[in-house]
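Student: Take this sequence and fold it.
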Amino acid sequence: MAKFCTNCGSKLNEDEDVCLNCGKKVKKNKSDNTNVSTEQNNPYVLTGFILGLISMFCINLFGVVGLLALIFSSIGLSKINKTNQPGRWMAITGIVLGVIGLVVGIYLTLS
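Tutor: Below you'll find the predicted structure:
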């Protein structure tokens, strides 16, 4: 049975742990003997995204939560750019929500 990379679709040998075409790590799934990706979302990105949502729809605390969302999402996006991890959309969304939350928090504090 032929094996294929889950990232780029290239054909893999049975004993390969890394795709020779794109460099993505794969591992054998013992249940159905197919290759699956081992990469996960960056925890900084996930934290920034959640903080961005909190800053928009819950407690913002003078813009601090929005600032934290901006910081965590920015760190996560820089790591994604270096390592080609998934989750770029989540990092960008966290940055946008963080900026909006920061601006709204500052506005509400000053008014």
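Student: gap between the strand or helix carrying Ile71 and the chain center?
Tutor: For Ile71, the element it lies in under DSSP states H and E is helix 64-83. Remark: helix 64-83 is offset 10 Å from the chain centroid, using C-alpha atoms, centre = their mean, to the nearest Å.
Student: Now do whatever helix or strand comes next after that helix against helix 64-83, angle only.
Tutor: Counting by DSSP H and E, the next helix or strand C-terminal to helix 64-83 is helix 88-110. With axes from the mean of the first three to the mean of the last three C-alpha atoms, to 10 degrees applied, the angle from helix 88-110 to helix 64-83 works out at 160 degrees.
Student: What are the contacting residues of helix 88-110?
Tutor: The contact list for helix 88-110 (C-beta atoms under 8 Å, 6 or more residues apart in numbering) reads 41-42, 45-46, 48-49, 51-53, 55-56, 60-74, 76-77, 80. For glycine as for every other residue, the C-beta is placed from the backbone atoms N, C-alpha and C.
Student: Domain-wise, how is this structure divided?
Tutor: Following the assignment in automatic domain parsing, the chain carries domains at 1-39, 43-110.
Student: from those, which stretch is densest packed?
Tutor: Counting by mean count of other C-beta atoms under 10 Å, domain 43-110 has the highest mean neighbour count of the domains of the chain, with a mean of 18.
Student: what about that one, average pLDDT?
Tutor: For domain 43-110, mean pLDDT rounds to 90.
Student: please begin residue numbering at 252 from this point
Tutor: Got it, first residue is 252 now, which makes that one domain 294-361.
Student: Contacts only, for Lys330.
Tutor: Contacts of Lys330 (C-beta under 8 Å, 6+ apart): 293, 295, 336.
Student: Between these, which sits nearest Asp268?
Tutor: Nearest to Asp268, judged by C-beta to C-beta, of the contacts of Lys330 is Gln336 at 17.9 Å.
Student: how far away is the spatially closest residue to Gly356 that is not a sequence neighbour from Leu359?
Tutor: Once flanking residues are discounted, Gly356 sits nearest to Gly314: 2.6 Å by C-beta to C-beta, 6 or more residues apart in numbering. Going from Gly314 to Leu359 by C-beta to C-beta, to the nearest Å gives 8 Å.
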